[in-house]
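S.K.: predicted coordinates and the sequence they were generated for:
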Amino acid sequence: MAPPLSRPLQAAPRPHRLRRGERSAVGLFVVPFFVLFTLATLVPVGYAVWMSLFEEESSGLGFGGTHRVFAGFGNYAHALTDSDFLRSFAHVAAYCAVYIPVMVGGALLIALLIDSAMARARRFFQIATFLPHAVPSVIASLIWLYLYTPGLSPITDLLGRLGAHVDFFGSGTVLLSVINISAWQWIGYNVIIFYAALQAIGRETLEAARIDGAHETRIAWSVKIPMIRPTVVLTLLFTGVGAIQLFDAPMLLQSRAITMGTSWTPTMFIYDAAFRGHDYGLAAAGALLLALVAGGLSFVVTKLGNRWKES
Amino acid sequence: MTRTPRPSRLARTAVTSSAVSLLLLTTACGGGGSDKAGGEGDGKPVTITYWSATTGAKETVDAFNKTHHDVKVKFSLVPSGPDGVTKLTNAVKAGNAPDVTTMDYSELPEFAGQGNLQDLSGAAGAFVKAKFPDNMQSLVNLGGKTWAVPFDVTPLELFYRKDLFKKFGVAVPTTWAEYRKAAEKIHKADPSVRITNFGGGDPALLAGLAWQAGAHWYSISGDAWKVDIDDAASRKVAAYWDGLLKDDLASKTPLWSKDETSERANGKVATVIGAAWSASGFPTNYPALKGKWGIAPLPTWDGRAATGMYGGTSYVVPKGSAHRDADVEFIKWVTTDPAAMRARLSSQKLPSSALPANRQMQAVAEKAYDGSYFPGQDVYKLAENAAATIVPGWTWGPVHQQVNSAQNATGADHTKSLTVGQATAEKSIEARGMNLAK
């Protein structure tokens, strides 16, 4: 989901004028990036835009095959009025409302605890929280699917024996089932990032706080967290963008929780439109709309985050 | 046949979600696979490519290649179910579809309508009429053209636990009213046992049961499609099953789920509604219950023998194949030549119980089938008798995949499955610019 993090740049020094030789060297170094960026991002996006403007039309009984017609923004209008598509965003919004606080707040808490723990336990907890992330997400979803399935799962078995009959696939609970899978998988990742940022805080700063009489909770709240704000913002951004692209876990879960339907998230809707509905135009329009929403949200999160970082 | 060796929906989805990107890559790189250069008539054999998920397909191809010198077949195993369909759609779009492939009857109209299939009327139209029973014709002849050659016929039958029926003193039901009575009696005697499980998970079964009751979900009237998913006959069926579920007489576990297997293996359900091909799944899935399952005709509504179909495979030639004569030669052989059936069954440890639609092939399959799991029953005779009672005239629709996934999402609510299916079908037909008869 997320590229490796680096600490944000300090205020950049004023750029000095480059000599001619330097300039061509810089050019040479950025060429590979732009070639790949063009091939792997710009061209496909351009193709998607092109595809989104057309639709396949049949006529009569349809046995004469299909022909392509220009649809203008018809596919976009179709997507925006499709109740499944709109509902899929509602699902993701509900997902984010629980998932993001858990993922950022929970990870921060765990990182702070590890940071203040004894040196030996640190490494153990670090690995223990990160380990689930090493499991590929499809496999993780499969494992959880088994753990949710009545008759097969030791968890439902145990709960059943205690008298609690939990239906993990019910329409009211399935959201939490999905969140649980994602959180199990990704929280360790966030913990590691927060922990690395916490480690970078100068020990003398913490010592100064301690000498001033601050206890650990106070240090965590008033010193540590403010000092790793940029990391928190970045994690917030990555977690949010990742949440919008939610696919694997719900896709696998809906094979058993069939009432979820095949377009529970926007990416599932797009997959369904392209590969079940054979409607590539609608899928392309949906994908671009999703990208737009993700881009817009990233912008807002970054803006708000920057304000918070500076406050 | 399509459904027999089908891996669980779960595993298929797992493969899909991890392999979509890979698939796109391979379809992009593997362009121009079918050798269009090897022309007919220059003495060299024509090589055609063949994709299938059916069991024994490879052995069939080997036998064909051994006995045929003008045509050589190159076989690739593909995923079964929706993923195979997706793979084929993408391949046709990318211009590297196989020359021959297998396809579920329910997918035919949609595939033909997308312009993805070649019209076989000229090459195989008369052949299909001559070699296959009347009640198969409406499945492969659509809009006055022949799009596919049938392979198997899939009549619904009732599989029941002989031992449980005996224990609870229940007779094998012949009507749906008796079936409900049996359900009540069994559930009363042991509340942990239900008559069957039907919590959604495969709208094709509801379709097959509606088919039996006389429904025609789709039909062609003139130049337009007519959709009658939510008709009176289907509603009667849906209400019946919703009633069984509501009264806790049937289990809400979805079809094809892991918990379904465990319920059936552990004696929590007394019957399974399956097709001819289902029989060969029993020894694999419930080995400990050997000799305990019996097979009976599907209960009827009015005492007159009737049944519907559930799944089933046909052979098609996708768009883009340049060797239609060679393709059809292979298809005719594989769907009707007894040697093809012998080859298909020779390799299998547990030969499939699929019932070929062609008479000569039926005889071969019957002989090769090992019925020891169902002692005292002639599995093939029962299936053949059931096949003769399939209500003729059923046609699948041109927007099947979307209807299927919309219906699937209604879960265990069968009445809703009908209304949602009806609405989705009408909406999708119109959205694609086809004519819809009201």
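M.R.: Nice, thanks for sending it over. Residues are numbered from 1 along each chain as shown, chains lettered A, B, ... in the order given.
S.K.: how near is residue B:155 to residue B:311?
M.R.: Distance, residue B:155 to residue B:311, by CB to CB, to the nearest Å: 11 Å. For every residue, glycine as well, the C-beta is placed using N, CA and C.
S.K.: what do you get for residue B:239?
M.R.: Going from residue B:239 to residue B:311 by CB to CB gives 24 Å.
S.K.: just the pLDDT for the nearest residue in space to residue B:371 that is not next to it in sequence.
M.R.: If the residues on either side of it in the chain are set aside, residue B:371 comes closest to residue B:379, at 4.8 Å by CB to CB, 6 or more residues apart in numbering or on different chains. pLDDT recorded at residue B:379 is 93.
S.K.: who has more neighbours, residue B:239 and residue B:311?
M.R.: residue B:311 (26 against 13; other CB atoms under 10 Å in any protein chain shown).
S.K.: which parts of chain A sit against chain B?
M.R.: Chain A comes close to chain B at residues A:56-66, A:78, A:136, A:138, A:141-142, A:145-146, A:149-152, A:247-248, A:251-252, A:254-256, A:258-262, A:271-272, A:275-278, as judged by CB under 8 Å from any CB of the partner chain.
S.K.: return the subset of those lying in strands.
M.R.: A:56, A:57 (DSSP state E).
S.K.: restricted to buried residues, select the residues of chain A next to chain B in PyMOL.
M.R.: In PyMOL, this line selects whichever of the residues of chain A next to chain B come out buried by 16 or more other CB atoms under 10 Å in any protein chain shown:
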select buried, chain A and resi 56+58+61+62+63+66+78+138+141+142+145+149+150+151+152+247+248+251+252+254+255+256+258+259+260+261+262+271+272+275+276+277+278
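S.K.: so what's the residue count around residue B:82?
M.R.: 20.
S.K.: all helices for the stretch 101-250 of chain B, in order.
M.R.: In the stretch 101-250 of chain B, the segments counted as helices under DSSP state H, counting those that start in this stretch are B:108-113, B:121-131, B:134-140, B:162-167, B:176-189, B:203-212, B:232-246.
S.K.: find the nearest non-adjacent residue to whatever residue of the stretch 51-200 of chain B ends up closest to chain A, please.
M.R.: Using CB to the nearest CB, the single residue of the stretch 51-200 of chain B nearest to chain A is residue B:115, 2.6 Å away. Sequence neighbours aside, residue A:65 is the residue nearest to residue B:115 in space, at 2.6 Å (criterion: CB to CB, 6+ apart).
S.K.: can you report phi and psi for that neighbour?
M.R.: Dihedral pair for residue A:65: phi 90, psi -180, per degrees, to the nearest 10.
S.K.: quick one: the strands in the stretch 51-200 of chain A?
M.R.: Secondary structure of the stretch 51-200 of chain A (DSSP state E, counting those that start in this stretch): strands at A:54-57, A:67-70.
S.K.: thinking again about what came up before, ok, the residue nearest to residue B:115 touching residue A:58?
M.R.: Yes: between residue A:65 and residue A:58 a contact is recorded at 7.5 Å, counting by CB atoms under 8 Å.
S.K.: can you list residues touching both of those two?
M.R.: Applying CB atoms under 8 Å, 6 or more residues apart in numbering or on different chains, one finds that residue A:65 and residue A:58 are jointly contacted by B:113, B:114.
S.K.: for the residue nearest to residue B:115, what are its contacts?
M.R.: Contact analysis of residue A:65 by CB under 8 Å, 6+ apart lists A:58, B:113, B:114, B:115.
S.K.: where does pLDDT dip in chain A?
M.R.: By pLDDT under 70, the low-scoring segments of chain A are A:1-16, A:118-119, A:311.
S.K.: of all the strands of the stretch 51-200 of chain A, which one is nearest residue A:164?
M.R.: Checking the strands of the stretch 51-200 of chain A against residue A:164 by CB to CB gives strand A:54-57 as the closest, at 49.8 Å.
S.K.: and that closest one, which strands flank it?
M.R.: Strand pairing for strand A:54-57, using DSSP bridges, gives strand A:67-70 (antiparallel).
S.K.: which residues are in contact with the partner strand?
M.R.: Strand A:67-70 has contacts (CB under 8 Å, 6+ apart) with A:53, A:54, A:55, A:56, A:57.
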